[in-house]
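Visitor: Here you go, sequence then predicted model.
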Amino acid sequence: MSITFSTTDNKLTINTPERFDFGSHKEFRSAIATINPNINHACIDMRMTGYVDSSALGMLLMLKSKMGNNKEAVSLINTRPEVKKILDIANFGQLFSLR
């Protein structure tokens, strides 16, 4: 499975694959390239993701940078326990809204 994404009036939704790693980099960059001034929220749906590596964390930070410093501008939702543990270790709860 690959990254899929959609935009509405003011929201970008990105669905990450089972392995969210460097192999997803090109697709992830394509998804965040769709961000325009009207988009004020990005939602990363991680329901399928069971593995993340450091490049995935870097991609999330790249998205955060593009969305600005507002913690609520990017939500990471439906995280599996094994992924949430990694996000917690990396202190991503300080940077993103985790739901």
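Guide: Structure received.

Visitor: what stretches of the protein score poorly on pLDDT?
Guide: Residue ranges of the chain with pLDDT under 70: 1.

Visitor: quick one, helices of it?
Guide: Counting by DSSP state H, the chain has these helices, from start to end: 25-32, 54-67, 81-89.

Visitor: And for the nearest residue to Gln94 once chain neighbours are set aside, the neighbour number?
Guide: Excluding the flanking residues, the one nearest Gln94 by Cβ to Cβ, 6 or more residues apart in numbering is Lys71, at 7.8 Å. Quick note: C-beta positions are derived from backbone N, CA and C, even for glycine. Residues lying near Lys71 (other Cβ atoms under 10 Å) number 13.

Visitor: Let me see the contact set for Lys71.
Guide: Listed by Cβ atoms under 8 Å, 6 or more residues apart in numbering, the contact set of Lys71 reads Gln94, Leu95, Phe96, Ser97.

Visitor: From the centroid of this structure, which residue is nearest?
Guide: The centroid of the chain falls nearest to Ile44 when counting by Cα atoms, centre = their mean (4.0 Å).

Visitor: in the sheet, who's paired with that one?
Guide: Ile14, Leu76 (DSSP bridges).

Visitor: ok, it - contacts?
Guide: The neighbours of Ile44, taking Cβ under 8 Å, 6+ apart as the test, are Ile14, Thr16, Leu60, Leu63, Val74, Ser75, Leu76, Ile77.

Visitor: Having no further points to raise, I will conclude here.
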